[in-house]
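Asker: test case, fold it:
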Amino acid sequence: MTIALIDYGAGNLHSVHNALVKAGARDVAVTADPDMVAGADRIVLPGVGAFRACRDGLYGLSGVVEAMTDAVQRRGVPFLGVCVGMQLLADTGEEFGRHAGLGWIPGTVRLIEPADPAIKVPHMGWNDVTPATPHPLIEAGEAYFLHSYHFVAANPADVLATTDHGGPIIAAVGRDTVVGVQFHPEKSQLYGLALLSRFLDWKP
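Answerer: Okay, the predicted model is just below:
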């Protein structure tokens, strides 16, 4: 089984690669090759930084978005987006202007605005992941978060889990063979490795 880990200059690439291997993956291809993406059995889109920079990096790779879209939307290849990789699933992101995302899961990525002004942004550190609906990949536990913007889903049915940072924040979204997590599995120790292991075994 080949896992295509998309290399578009997003900072957490190698830590995600190492975590996938620890979780049991035997063939992880760090790649920007559309042919490899098109033929992969699993696709992982990492991401650290600003929505616009990550979006521009991804769309700057010739043929990769098209190959990814065909694999996931037409062939039903399981897909995992991590942090900004999850945010890019949205229709639009509002960081440094308004920018189009992949549009695979309807929603908008907006600045976190806690009800209590004493609560700091970014949302950084360990926090609870509370499942919103049963899903094979998502279990209750604690994961590591680091983000200033959050996914606001248009359809509540797409919300798989939430966390709390001055109010509810989406921790995971999903639809069909696509799942995105706002937290970092690669920094979430046993909880994160268990999620990645479930992703490797997932047969949606």
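Asker: any stretches of the protein with poor pLDDT?
Answerer: 11 (pLDDT under 70).
Asker: how about the secondary structure of the nearest residue to Val181 once chain neighbours are set aside?
Answerer: In this structure, Val181 finds its nearest non-sequential neighbour in Ala172, 4.8 Å apart by CB to CB, 6 or more residues apart in numbering. The way it works is simple: take the backbone N, C-alpha and C, and place the C-beta from them, glycine included. Recorded secondary structure, Ala172: strand (DSSP: H, G, I helix; E, B strand; the rest coil).
Asker: Ala172 reaches Leu160, doesn't it?
Answerer: Yes. Between Ala172 and Leu160 there is a contact at 4.0 Å, judged by CB atoms under 8 Å.
Asker: okay, these two: which has more neighbours?
Answerer: The neighbour comparison of Ala172 against Leu160 (other CB atoms under 10 Å) goes to Ala172, with 28 against 23.
Asker: got a list of what the more buried one touches?
Answerer: Taking CB atoms under 8 Å, 6 or more residues apart in numbering, we find Ala172 in contact with Met86, Val129, His135, Leu137, Ile138, Val159, Leu160, Ala161, Val179, Gly180, Val181, Gln182.
Asker: intersection of neighbour lists for Ala172 and Leu160?
Answerer: Contact criterion CB under 8 Å, 6+ apart; residues shared by Ala172 and Leu160: His135, Leu137, Ile138, Val179.
Asker: most neighbours among these, please name it.
Answerer: Val179 (27 neighbours).
Asker: quick one: contacts for the closest residue to Gly93 other than its chain neighbours?
Answerer: What sits nearest to Gly93 in space, not counting adjacent residues and going by CB to CB, 6+ apart, is Phe51, at 3.4 Å. By CB under 8 Å, 6+ apart, the contact set of Phe51 is Val84, Gln87, Leu88, Gly93, Glu94, Glu95, Phe96, His99, Gly101, Val109, Tyr149.
Asker: let's see that with 10 Å instead.
Answerer: 84, 87-88, 90, 92-99, 101, 109, 149 (CB atoms under 10 Å, 6 or more residues apart in numbering).
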